[in-house]
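[1] With the input below, show me the fold.
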Amino acid sequence: MFAGRSVSVGLLAVLCCLAACASDAAPPPAAVAPGALPGYTPPAGAPDLCAGVAGSRHFLDIPVAMGRLASGVAVVDGRSHLAAARGELRGLVADMPVDEDPELRAAADRVLTALLAVLDPPLTEEARTAVLASMDDFVARLQSTCRFPA
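    Okay, here's the model as predicted:
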């Protein structure tokens, strides 16, 4: 159980580094977040997915939601956040032109598939590992393509 948590915490750290937020306090839960990276400008030629993820309201919820599922605490809330993140990412990927950055699209598709597998109980180790591995790959590809600020 602790190994799963450390992987989730590690993934959260990676995503938070991508966000490069320097906030003293988190917004209240009911507040609408401005996006993962307000003010981000994608490099020339970057796919629209870069700006979409930077403006995402749910993408950064994935690590915390996975932690909830793995720990068995607030599981329904965790699944709700994962469903929202999946829906948002699915919309962003659907808007990509078919021939635009096929490797990034494939990585996003693997995340979508993995997230779908954890939306229904029970959470299996295989499904949890698939989400973490697909997120690691997707985030690495996003970073190299989108050049998010560090």
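
[2] Tell me the buried residues in stretch 84-101?
    The neighbour-count check on stretch 84-101 (16 or more other C-beta atoms under 10 Å) flags 84-86, 88-90, 92-93, 96, 101 as buried. In short, each C-beta sits where N, CA and C put it, glycine included.

[3] Could you tell me which of those residues belong to helices?
    Among the buried residues of stretch 84-101, the residues falling in helices (DSSP state H) are 84-86, 88-90, 92-93.

[4] just those now: which is nearest Glu126?
    Arg86 (17.9 Å; C-beta to C-beta).

[5] For that closest one, which non-adjacent residue is closest in space?
    Using C-beta to C-beta, 6 or more residues apart in numbering and skipping residues adjacent in sequence, the residue nearest Arg86 is Leu115, 4.2 Å away.

[6] Count the residues that sit near that neighbour.
    Counted with other C-beta atoms under 10 Å, residues neighbouring Leu115 total 25.

[7] Please apply the same query to Pro102.
    10.
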